[in-house]
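Asker: Model the following, please.
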Amino acid sequence: MPAMLAELLARPEGSAGRIFEQYFPRVLNSVGGWLTAETRAGRIRNMPIPLLLQQLIGPLVTHLLFRPVLNGGLAGDHPTVEEACEVFADGFLRAVTTSTGSERSGSSAAAYQPSNTPEGES
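Answerer: The predicted structure is shown next:
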């Protein structure tokens, strides 16, 4: 993934750029359609869909890109990818949910415990 992102940024017309051009419209239609419906229903803030998509996937992409470096160089507990997804999804919902939408959403990420730390120990 880091190599593909590097190529996409360095050569947007290259093979990674072509893959992005092929699949991004599908993502925009599916996830963008869901975000549009949630915005229209008043459950999430009215923001441009590309910004909502970036806010949703940006932290996870950054995490996945830096994960190999951070796991090898920093001491401490590192979340699993599943735990990271849960924390980032919770952060996204906290950032974009309106007061109408917040009545319906629960948060499990607030009680995040690293997978290799027994509950109660931090």
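Asker: Can you tell me the closest non-neighbouring residue to V96?
Answerer: Spatial nearest neighbour of V96, chain neighbours left out: I44 (4.4 Å); criterion: Cβ to Cβ, 6 or more residues apart in numbering. Heads up, the C-betas are built off the backbone N, CA and C, glycines and all.
Asker: number of nearby residues for the one you found?
Answerer: 22 (other Cβ atoms under 10 Å).
Asker: Got the phi and psi for A41?
Answerer: phi -80, psi -10 (degrees, to the nearest 10).
Asker: follow-up on the earlier one: do I have it right that the residue nearest to V96 meets A95?
Answerer: No: the criterion here is Cβ atoms under 8 Å, and I44 misses it with A95 at 9.2 Å.
Asker: So M47 sits against T39, correct?
Answerer: Yes: counting by Cβ under 8 Å, M47 touches T39, with 7.5 Å between them.
Asker: more neighbours, those two?
Answerer: T39 (19 against 13).
Asker: what about this structure, any weak spots by pLDDT?
Answerer: Along the chain, the parts satisfying pLDDT under 70 run over 1, 72-76, 101-122.
Asker: Report the central residue of it.
Answerer: Nearest to the mean C-alpha position of the chain, by Cα atoms, centre = their mean, lies I57 at 3.1 Å.
Asker: helices or strands next to the strand or helix carrying E86 in the packing?
Answerer: In this assignment (DSSP states H and E), E86 forms part of helix 81-96. Counting by 3 or more Cβ pairs under 8 Å, 6 or more residues apart in numbering; DSSP states H and E, the packing neighbours recorded for helix 81-96 are helix 49-73.
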